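got a structure for you, letters missing:
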């Protein structure tokens, strides 16, 4: 710091010292458990940096000082809380935005962005000045500077979105909003001036920019900011933006057409249907016509916008437009550039996803998608085979669209799916012969295999046992070959798809177990690729439910691997809840034959039950709740399995520990907002009472048991209340 302020230091030393100071601040900010910097040190540091930004300093020194200030703002809250010092800091930074050097101006705005992020509650006195500076910069400065000025408004939006959420939470809980969390509403106040400025930036597209270029330009930044504005002010954005959209969406100038379409897409996520639904209704025919625009960028943005409408406002699409919409998107799948075709896939994906909660198919056996399914599926498979399908994520987009179409298909297209299934499985079989001359070839091959496994999975979920049974030998042969690759994603997809086959085949899945066992064990012991391990654990549970007592010959090896997983300190913690739950699945499948594994599995459950979370660590609280659900599922399955096998008495030595866990839950249910822990705890009480009856009478009358059942009875969830009433009846019977 002395180097910067000393008259004897040359400019090179001052610049190097400021850069070192900035780098040091940056490192301190990201390293945990660093002692707080003394206030006299931060005062001196700030004085040194501000001295370097002074207008009479050479531009290289001002630039280094501005970067150092940006990195030091995390440590200057005391100074920012002092009005005099804050005024000095803001004055110096605002002066730097007028530097002759574009680099210095950019660095100054980076500081302003950081101040908006860290000190939103201190902005009020400076917003008029910042309003004028940023608007002038966005309108007329060089792009690198204007980008940071837009970023300032994007940051203000993000802060206000968060503060509005805090305000809503406080209102729900009947609390006052803390002064530091008050949303002033700068974005809403600036709306009439900010939106026209952002729409100007939308018309500064770079038509020569390649789609996959890693570039962030003014029009992209403006679009991103406009999306945040819409999310911040919601319905209020509609009357400000729609005049621009309506005036330009059919303009003769392609830039205006694309900018208007982009502006419309940007405000779709924020306003509700009442505010924007009418405009969506009117826009769909115009957008469908624009899919045939002479400009590729217009077509690309149009397809993207239609996709967003299908995702966010599908109910506003006129029913008589639906055929034109589907056919319009389908017509762009094979004939357009990969980018436009990929956006068409996105549109079809979202349109199909809109039928997820549509109960029409259950009532009538059909839905509006049914008549288009054969053509859409066939065309999307052709997209997968396009030579340029690797560009713009086109192949992945096509596969995902096929998957969602299948998931939301109605019963009347089952025959179409069963015609598709052998074709998909044949493709999977043929994929093993794809040449792999490079790593890219290998990644592409394995990526296709994973996606094909995923399609087989969703078809299996939609079909019937009788329909799929003839194809299962070929499917399982291919799955086992996929499991021989060395690609974790492929393994995840193959194991998940095998789960679907096991579920639908039930006992008939047994014939595949001997061949599958080595790959299943490899998955259970794949502790490094923990997602694979999780899928393998899930598969064990599904197989257990399907083949039931026939699972027993495979259990020694499986239980050993599950115990290893729990004992592995490096295994990702997310795997442990499903492993604990899996004990219950196996016990229910093999009944009394679970006895050899009882002591060790209960010991693991009891150890896991000791896990607690600090009150201020929400992430860990959420994990502990998931862990407790897994523990309760494990206990429940073991209790039910031993009861079914007439070996309930084996539980008696462990009842005190299990009841101790239930007592802890009665006293310590943190953030169990969905009452999942409560639901499973009440269910376990009923199962234990049913299995052991009067033998555990002394425990069933305890206050914590009564409290859990009472909580379940009054939680308002009909399912949990039903379980609680059943548990109360079983407990009363055991106590009689």
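Good, I have the coordinates. All values derive from a computational prediction rather than experimental measurement. Numbers count the residues shown, from 1 in each chain.

so who does the nearest residue to residue 354 once chain neighbours are set aside touch?
Spatially, and ignoring its direct neighbours in sequence, residue 354 is nearest to residue 314 (4.0 Å; CB to CB, 6 or more residues apart in numbering). For glycine as for every other residue, the C-beta is placed from the backbone atoms N, C-alpha and C. By CB atoms under 8 Å, 6 or more residues apart in numbering, the residues touching residue 314 are 350-351, 354.

Check the gap between residue 314 and residue 323 for me.
15 Å (CB to CB, to the nearest Å).

which ones are touching residue 300?
Contact partners of residue 300, counting by CB under 8 Å, 6+ apart, are 337, 339-340, 343.

Would you point out the most distant pair within those?
Greatest spatial distance among those (CB to CB): 337 and 343, at 9.8 Å.

Which of the two has more residues huddled nearby?
residue 343 (27 against 17; other CB atoms under 10 Å).

Got a ChimeraX select line for the buried ones in the contacts of residue 314?
Selecting the buried subset of these in ChimeraX, with 16 or more other CB atoms under 10 Å as the burial test, is done by:
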select :350,351,354
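
Now tabulate the contacts of residue 314 in JSON lines and tack on pLDDT and secondary structure.
JSON lines is the format used below for the contacts of residue 314 (pLDDT from 0 to 100; DSSP: H, G, I helix; E, B strand; the rest coil):
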{"residue": "350", "pLDDT": "93", "secondary structure": "helix"}
{"residue": "351", "pLDDT": "92", "secondary structure": "helix"}
{"residue": "354", "pLDDT": "89", "secondary structure": "coil"}
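
wait, residue 678 sits on residue 711?
Yes. Judged on CB atoms under 8 Å, residue 678 makes contact with residue 711 at a distance of 5.8 Å.

Looking at these two now, which is surrounded by more residues?
Comparing residue 678 with residue 711 by other CB under 10 Å, the one with more neighbours is residue 678, at 23 against 19.

and the gap between that one and residue 205?
From residue 678 to residue 205 the distance is 54 Å (CB to CB).

and if you look at residue 544?
57 Å.

ok, the two, which is more surrounded?
residue 544 (26 against 21).

Next up, phi/psi of that one, please.
Per-residue torsions, residue 544: phi -60, psi -40 (degrees, to the nearest 10).

Check residue 149 too.
phi -70, psi -40.

could you list every residue that touches it?
109, 133-135, 137-138, 141.

how about the most centrally placed residue in the chain, phi and psi?
For the chain, the residue nearest the mean C-alpha position is residue 619 (15.1 Å; CA atoms, centre = their mean). Per-residue torsions, residue 619: phi -60, psi -40 (degrees, to the nearest 10).

pLDDT score assigned to it?
For residue 619, the model assigns a pLDDT of 89.

now the one 10 residues further on
What the model reports as pLDDT for residue 629 is 96.

That one is in contact with residue 677, isn't it?
Yes. Contact criterion CB under 8 Å: residue 629 and residue 677 qualify, at 6.0 Å.

Comparing those two, which residue is more hemmed in?
residue 677 (23 against 20).

hang on, that one packs against residue 665?
Yes. Counting by CB under 8 Å, residue 665 is a contact partner of residue 677 at 6.3 Å.

Give the residues shared as contacts by these two.
Contacts common to residue 677 and residue 665, judged by CB under 8 Å, 6+ apart, are residue 628.

list the contacts for residue 186?
123, 127, 156, 160.
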